[in-house]
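Visitor: Next comes the sequence, and after it the predicted model I'd like to discuss.
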Amino acid sequence: MLLKYEIINKVHQAGVVAVIRGYSEENSYETAKACIKGNITAIELAFTSPNADVTIKKLRSKYQTDTDVIIGAGTVLDPATARLAIVAGAQFIVSPSFNEETAKLCNLYEVPYMPGCLTPTEVQSALTYGADVVKVFPGSVAGKSVINEIHGPFPNVNVMPTGGVSLENMADWFNKGAFVVGVGGSMVAPGKKDDYQAVTVNAKKFHAKYLDLIKK
Ligand SMILES: O=C(O)C(=O)C[C@H](O)[C@H](O)COP(=O)(O)O
């Protein structure tokens, strides 16, 4: 079993977290597999996906021997959902917002918590409650300079912009100091329904771009 800090490190090394909001169990599972096939090693399965806990369990079991593939849960709004996700095997918990009780539950189980924050007050609360990564959400609303601004008063916070991150703007986010980026639509929602090959092609592009960025 990976330790908490090892998971945070794996998420960091992944560079890109694929945010999946499936319309069915099968769609969530196949989309996650397609991203992993495209070299993405961190998956965030949103709890709006039907039976998200079942899919997390299936994914953990499929990739159990591959310690590089990290499976987390997204859109976790409350501690009951966090516990459900953790019991199913979620290795990190992401929310669009910050919630004290969810933070406490994640701390109790030693699972990294990555809440959504948009203001300094929210960032301060998240850090006070032990958040390991702060998800700036919606990144498209905050704008890329938000990372510089946050790093003034909170120099050590790990920032994961999510919402509107694309292949075209990903470099800007990293140049501003992103710890990792969360990518949904522009990777996992190709024009055609159930086109998992296209998801893999997109995933490969994001992964290659990330490798290119860290080389520089
Ligand atoms: O609910 C959450 O926890 C979220 O992560 C919200 C969004 O699903 C992501 O922000 C993806 O946004 P796009 O990359 O713009 O598709």
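Guide: Yes, it's here.
Visitor: so what does the helix or strand harbouring Q13 touch, helix or strand wise?
Guide: Taking DSSP states H and E as the definition, Q13 sits inside helix 4-14. The elements that helix 4-14 packs onto, with contact taken as 3 or more Cβ pairs under 8 Å, 6 or more residues apart in numbering; DSSP states H and E, are strand 42-46, strand 70-74. Glycine gets a C-beta too; all of them are placed from N, C-alpha and C.
Visitor: wait, which of the ones you listed is closest to M187?
Guide: Between M187 and these, the shortest separation by Cβ to Cβ is 10.9 Å, and it involves strand 42-46.
Visitor: Can you pull up the residues of this protein that come close to the ligand?
Guide: Where the chain comes near the ligand, counting by Cβ under 6 Å from any ligand atom, the residues are 19, 21, 46, 74-75, 94-96, 137, 162-165, 182-186.
Visitor: and stretch 76-88, what's its mean pLDDT?
Guide: On average, the pLDDT along stretch 76-88 is 98.
Visitor: Where do the helices of this structure begin and end?
Guide: 4-14, 25-37, 52-62, 79-88, 100-108, 120-128, 139-142, 146-151, 170-175, 185-188, 196-215 (DSSP state H).
Visitor: Please identify which residue in this structure comes closest to the ligand.
Guide: Taking Cβ to the nearest ligand atom, the ligand has its nearest neighbour within the chain at G184, 2.7 Å off.
Visitor: Next, count neighbours for the closest residue to that residue other than its chain neighbours.
Guide: Of all residues not flanking G184 in the chain, V19 sits nearest, at 3.8 Å (Cβ to Cβ, 6 or more residues apart in numbering). Per other Cβ atoms under 10 Å, the neighbour tally for V19 reads 26.
Visitor: Over to N39?
Guide: N39 has 18 neighbours, counted by other Cβ under 10 Å.
Visitor: For it, give me the pLDDT.
Guide: Here the pLDDT value assigned to N39 is 97.
Visitor: Kindly report the same for D68.
Guide: Note for D68: predicted pLDDT of 89.
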